[in-house]
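Peer 1: Build me a model:
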Amino acid sequence: MEDVALFKAQNQIPVEDIEREKIVLSDAKKLAVSHGLDPNSMERFFLAQIDAAKAIQYRYKAEALTREISTRKINLQSELRPALDRLGSDIVTLFAAHLQSRYPIEEENRGLFTRTLQSRLLADSEKNTLFDAMLEVRIQQ
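Peer 2: The predicted model follows:
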């Protein structure tokens, strides 16, 4: 997300992109259905991810106001978005494999999740919101 923020900062593009969010959510729901997951629960998880991503981007852009930002060139369309799309697909696939093997994500995994999720620009409350959304992902009934 810092690379996305860098691209947006370099190109004076706002963090929020409602049209892109709609595409990401629609794709996530379609993937969820194709993997036997409840699309609404997957949408809630992806919404939490989008909110966390925006928080990281806003914080990065705020930091850029007080320090020089990198001049390395990044291409959002040809580099970052395809990688993020693959990551989103991988996430859905992993949720499906995990839940279909009858191993639910449980509260006792929260500490490991929050310790493992490394981002200096992501608050603990945002990590917890992501985990709460993970707890809600279900197999389609």
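
Peer 1: Spatially nearest residue to Val15 (excluding sequence neighbours)?
Peer 2: Leaving aside its sequence neighbours, Val15 sits nearest to Gln57 (Cβ to Cβ, 6 or more residues apart in numbering; 4.4 Å). Where C-beta positions appear, they are placed from N, C-alpha and C, glycine not excepted.

Peer 1: Gln57 should be in a helix, yeah?
Peer 2: Yes - assessed with DSSP: H, G, I helix; E, B strand; the rest coil, Gln57 lies in a helix.

Peer 1: what's the burial count for it?
Peer 2: A count of neighbours around Gln57, defined by other Cβ atoms under 10 Å, yields 23.

Peer 1: Find the residue at the geometric middle of the protein.
Peer 2: Gln49 (3.3 Å; Cα atoms, centre = their mean).

Peer 1: Can you get me the start-to-end distance on stretch 10-24?
Peer 2: In stretch 10-24, first residue to last residue: 23 Å (Cα to Cα, to the nearest Å).

Peer 1: which residues sit against the helix or strand where Leu130 lies?
Peer 2: Per DSSP states H and E, Leu130 falls inside helix 124-136. With contact meaning Cβ atoms under 8 Å, 6 or more residues apart in numbering, helix 124-136 is reached by 41, 44-45, 47-49, 51-52, 55, 105-107, 109-110, 113-114, 117.
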